[in-house]
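Asker: with the input below, show me the fold.
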Amino acid sequence: MKSPTRHAAPQELELKLCLPGADPSDLARRLAGTPALARRKWVQQSLFNIYFDTPEQVLRQKGVALRLRRVGSAADTQWLQTLKTSTDELSALSQRGEWESAVAGPALELAALAHTAWTGIDPDGRLFAALAPCFVTRFERTLWLVRRRDGSAVEVALDIGHIEADGKQTPICELELELKGGEPAAVFDLARQLARHVAVLPANLSKAERGFLLAQDALERPQRARIPQLVLPLSRPELAQRLLREMFAQFSQNLDALRTSDDPEVVHQARVGWRRLRSGLRLFSKTLANTGAPERLALQPLLDALGAQRNLDVAVTETLPTLSNAYAAGDAGRSQAWQDMQSALMQAAALQRQRVRAAMQAPAVGLCLLAFTQWLEQLSGRGNTRPVKKTALQRWARRRVARLQQCLALAQKNATTPEQQHRVRILAKRLRYGVEALRALLPKALADACSAQATQLQDTLGFSRDVAQASALVAEHGLHPDIQAFLQGVVAGYTLSKAVIE
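Answerer: Residues are numbered from 1 along each chain as shown. I've put the predicted structure just below:
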């Protein structure tokens, strides 16, 4: 148990991992058999937690969590009150202030918060008076303490249980690796050892955050881009870290949601997150030179599976429904053929979703994502860490956007083939992602104009691309050849009409 201090905030440094596809009933045994944990003593605890906030969720908005935890059996129960603070950084590795105190029972005690960050959060006690239970968590925790020869110590916690909020439940199946002594690298070293034997994914959401989302029926919603606020001045590596960390978080958080969600938009936003990350890596290519960026090849099977899933999702939910009446033209036989084709592609989409989830369980995927997480956390300390003046960053941002505009304009010249037009669409996305990331450093008029140009190009070229992809899927699955010919005709007619207009 951590003791409150008057002088400094006790810090908790923790790496959180979810476990895709794992059998919860067998996880403790499997982990205990890994080389990293074999022959190490482990203990188990039954934990019950109550999380508190105001009806307006003031604590959550401040990045604060306050809970009561019951530890032990009915005959030997201890209650602990814990306050945690955090930054707005999105990462599976969290470094938070944490204050924990024993309390008399299942009720919050203001006195236990006297020498914590609470005094700055709620100086007059009004916030404390408005607190009420929001949700609870119940789980079995299996603990190992791993001490290494270099003096570092990492506590490994396997949590299996569930979160309850307003009559709803969601499972808990995760690993937490907390640094008890030594350098943060020890946490990642141990995580890599475990990831070779048990599939893992970085988890950006704490139990508290998941509980609030569950209460709002928002737990599996797609995670869209959330551009972080930039507090200047920053060094170039710090700027890159802030923006790339959010992009990577969008990708990994949607992967986490994909474990249980069938929402096509979750797949879409996972791919958007990855494309934004790739664009960001290009944007900061000079800054990131010689920083040891992780190899991404191990992710390619998963990325390919996500791409195939997105193509099927777009075809069955967006492209094909808009063309059904045009093909059937009131003919019952043609209408039935179209429905049969759609049903076949919907079944293919369901099977592809299983392949995506299987791809997420490859150990190489978890190892690659862990490497990215560690690299991003260390990025701000590499290269020239001297803060750069705002005006210098603004000039740099304008130059980078101008370069993106030039590449796009060059690609647009004589872009007549489908491959050339697809290249234009890709470059339009890069321009849009770059402007979104750097908007705080760009003149508003320039940012608005570039975003509008990129969005218009994406929309213009997107329809024909999507219809062509639907035609390819019909052919790939050996479906009605007349429908394939119809879709090819739609693409040809659309392309010709655009050429005439231009």
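Asker: tally of neighbours for the nearest residue to Leu127 once chain neighbours are set aside?
Answerer: Counting by Cβ to Cβ, 6 or more residues apart in numbering, the nearest residue to Leu127 once its immediate chain neighbours are dropped is Val58, at 6.2 Å. The C-beta positions use only the backbone N, C-alpha and C, and glycine is treated the same way. Counted with other Cβ atoms under 10 Å, the neighbours of Val58 add up to 15.
Asker: and Val58, what pLDDT?
Answerer: pLDDT, Val58: 96.
Asker: ok, Glu109 next?
Answerer: So, for Glu109, pLDDT stands at 97.
Asker: what do you get for Gly72?
Answerer: pLDDT at Gly72 comes out at 80.
Asker: helix, strand or coil: sort out the closest residue to it other than its chain neighbours for me.
Answerer: Of all residues not flanking Gly72 in the chain, Gln78 sits nearest, at 5.4 Å (Cβ to Cβ, 6+ apart). Recorded secondary structure, Gln78: strand (DSSP: H, G, I helix; E, B strand; the rest coil).
Asker: again, but for the one 3 residues further on
Answerer: Following three-state DSSP, we place Gln81 in the strand state.
Asker: any idea how far Leu288 is from it?
Answerer: Going from Gln81 to Leu288 by Cβ to Cβ, to the nearest Å gives 43 Å.
Asker: cool, and Trp144?
Answerer: 36 Å.
Asker: all strands for the stretch 151-300 of the chain, in order.
Answerer: Using DSSP state E, counting those that start in this stretch, the strands of the stretch 151-300 of the chain run over residues 153-165, 168-181, 201-202.
Asker: so which of those is the most packed in?
Answerer: strand 201-202 (a mean of 24; mean count of other Cβ atoms under 10 Å).
Asker: give me the helices and strands touching the lowest-mean-pLDDT helix or strand in the chain, please.
Answerer: Ranked by mean pLDDT, DSSP states H and E, the weakest helix or strand in the chain is helix 481-501, scoring a mean of 79. Packing partners of helix 481-501 (3 or more Cβ pairs under 8 Å, 6 or more residues apart in numbering; DSSP states H and E): helix 324-328, helix 332-360, helix 444-476.
Asker: how about the contacts made by the closest residue to Leu277 other than its chain neighbours?
Answerer: Using Cβ to Cβ, 6+ apart and skipping the chain neighbours, the partner closest in space to Leu277 is Met247 (4.1 Å). The neighbourhood of Met247, defined by Cβ atoms under 8 Å, 6 or more residues apart in numbering, consists of Ala225, Gly273, Arg276, Leu277, Gly280, Ala437.
Asker: list only buried entries from those residues.
Answerer: The neighbour count (16 or more other Cβ atoms under 10 Å) marks Gly273, Arg276, Leu277, Gly280, Ala437 as buried among the contacts of Met247.
Asker: just give me the residue right at the centre of this structure.
Answerer: Gln253 (2.1 Å; Cα atoms, centre = their mean).
Asker: could I get the phi/psi values of the closest residue to that one other than its chain neighbours?
Answerer: Take Gln253 and drop its neighbours on the chain: the residue closest to it by Cβ to Cβ, 6+ apart is Gln223, 4.3 Å away. Main-chain torsions, Gln223, degrees, to the nearest 10: phi -90, psi 110.
Asker: surely Gln223 and Gly273 touch.
Answerer: Yes: the criterion here is Cβ atoms under 8 Å, and Gln223 meets it with Gly273 at 7.4 Å.
Asker: tell me how far the residue nearest to Leu127 lies from Ala102.
Answerer: Taken as Cβ to Cβ, the span from Val58 to Ala102 is 26 Å.
Asker: on that earlier part again, from what I can see the residue nearest to Leu127 touches Leu131, true?
Answerer: No: between Val58 and Leu131 there is no contact under Cβ under 8 Å: 9.2 Å.
Asker: can you list the domains in this protein?
Answerer: 11-219, 281-501 (automatic domain parsing).
Asker: among those domains, which is nearest Leu232?
Answerer: domain 281-501 (4.8 Å; Cβ to Cβ).
Asker: any common contacting residues for Gln223 and Gly273?
Answerer: Ala249, Gln250, Gln253, Asn254.
Asker: just the ones in helices from those, please.
Answerer: Ala249, Gln250, Gln253, Asn254 (DSSP state H).
Asker: most surrounded residue in these?
Answerer: Asn254 (27 neighbours).
Asker: how about the nearest residue to that residue, chain neighbours excluded?
Answerer: Using Cβ to Cβ, 6+ apart and skipping the chain neighbours, the partner closest in space to Asn254 is Ala270 (3.7 Å).
Asker: count the neighbours of the one you found for me.
Answerer: 27.
Asker: that one and Phe248 touch, don't they?
Answerer: No: using Cβ under 8 Å, Ala270 is not in contact with Phe248, being 11.5 Å away.
Asker: so what sits against both of those two?
Answerer: Joint contacts of Ala270 and Phe248 (Cβ under 8 Å, 6+ apart) do not exist.
Asker: wait, what's in contact with Thr385?
Answerer: Remark: with contacts taken as Cβ under 8 Å, 6+ apart, Thr385 is in contact with Ser235, Pro237, Glu238.
Asker: switch the cut-off to 10 Å
Answerer: Shown in contact with Thr385 (Cβ atoms under 10 Å, 6 or more residues apart in numbering): Leu234, Ser235, Arg236, Pro237, Glu238.
Asker: mind picking the two most distant members of those?
Answerer: Going by Cβ to Cβ, the pair spanning the contacts of Thr385 furthest: Leu234 and Pro237, at 8.6 Å.
Asker: the more surrounded of those two?
Answerer: Pro237 (21 against 18).
Asker: quick one: pLDDT of Gln469?
Answerer: For Gln469, pLDDT reads 96.
Asker: find the nearest non-adjacent residue to it, please.
Answerer: Gln469 sits nearest to Asn311 (Cβ to Cβ, 6+ apart), 5.3 Å away.
Asker: just name whatever secondary elements the helix or strand hosting the one you found is in contact with.
Answerer: Using DSSP states H and E, Asn311 sits within helix 300-314. Using 3 or more Cβ pairs under 10 Å, 6 or more residues apart in numbering; DSSP states H and E as the contact test, the elements touching helix 300-314 are helix 236-258, helix 264-283, helix 332-360, helix 363-378, helix 444-476.
Asker: ok, back up a step: for the residue nearest to Gly72, give me the pLDDT.
Answerer: With respect to pLDDT, Gln78 has a value of 94.
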